[in-house]
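Chemist: Got a predicted model here, sequence first, then my questions.
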Amino acid sequence: MTPNELFSLLSDETRLRCLVLLQKEGELCVCEISQILGSIQPKISRHLALMRQSGLVSDERRGQWVYYSPNPSLPDWAKNIIASTLENLVKIEPYHSDLKRVSSAKKANICGS
């Protein structure tokens, strides 16, 4: 991954919101992210697939569900940018509200987790 690729990926609000959630939570299912962001699953899946193809996130299939997490093999410079981004966005909208909705999405157990 190059800096241009990372910043290009993060320039889209949906992808940035997804990454902030994944960075904070460690792992989420597509259905949880979709509920948290109030967006349809195909849209979220499309953005996550792009992020996976670029190496920004990793995925793991569990039955019919796909769980995403930040890619642990990212270069240190990219991990530092992502960590700093999370640290600076957690109190800014819409990221703050997204993070508040995580617990209700997990309690809903919509993915069968």
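Modeler: Received, thanks.
Chemist: what are the ranges of the strands in the chain?
Modeler: Ranges of strands within the chain are 28-29, 57-62, 65-70, based on DSSP state E.
Chemist: most tightly surrounded among these?
Modeler: Counting by mean count of other C-beta atoms under 10 Å, strand 28-29 has the highest mean neighbour count of those, with a mean of 22. C-beta: built from backbone N, CA, C; applies to glycine.
Chemist: quick one: strands adjacent to that one?
Modeler: When pairs are called by DSSP bridges, strand 28-29 turns out to pair with strand 65-70 (antiparallel).
Chemist: The partner strand relative to strand 57-62, how many degrees between them?
Modeler: 150 degrees (axes from the mean of the first three to the mean of the last three C-alpha atoms, to 10 degrees).
Chemist: Grab the CA positions of strand 65-70 and hand them over as PDB.
Modeler: C-alpha atoms of strand 65-70 as PDB (Å, rounded to 0.1, in the frame of the first residue of the first chain):
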ATOM      1  CA  TRP A  65     -21.400 -14.000   7.700                       C
ATOM      2  CA  VAL A  66     -18.200 -12.100   6.700                       C
ATOM      3  CA  TYR A  67     -16.300 -10.300   9.500                       C
ATOM      4  CA  TYR A  68     -13.900  -7.500   8.700                       C
ATOM      5  CA  SER A  69     -11.000  -6.100  10.800                       C
ATOM      6  CA  PRO A  70      -8.000  -3.800  10.200                       C
END
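Chemist: Endpoint to endpoint, stretch 27-44 covers what distance?
Modeler: 15 Å (C-alpha to C-alpha, to the nearest Å).
Chemist: Report the buried residues of that stretch.
Modeler: Using 16 or more other C-beta atoms under 10 Å as the test for burial, stretch 27-44 gives Glu27, Leu28, Cys29, Val30, Cys31, Glu32, Ile33, Ser34, Gln35, Ile36, Leu37, Ile44.
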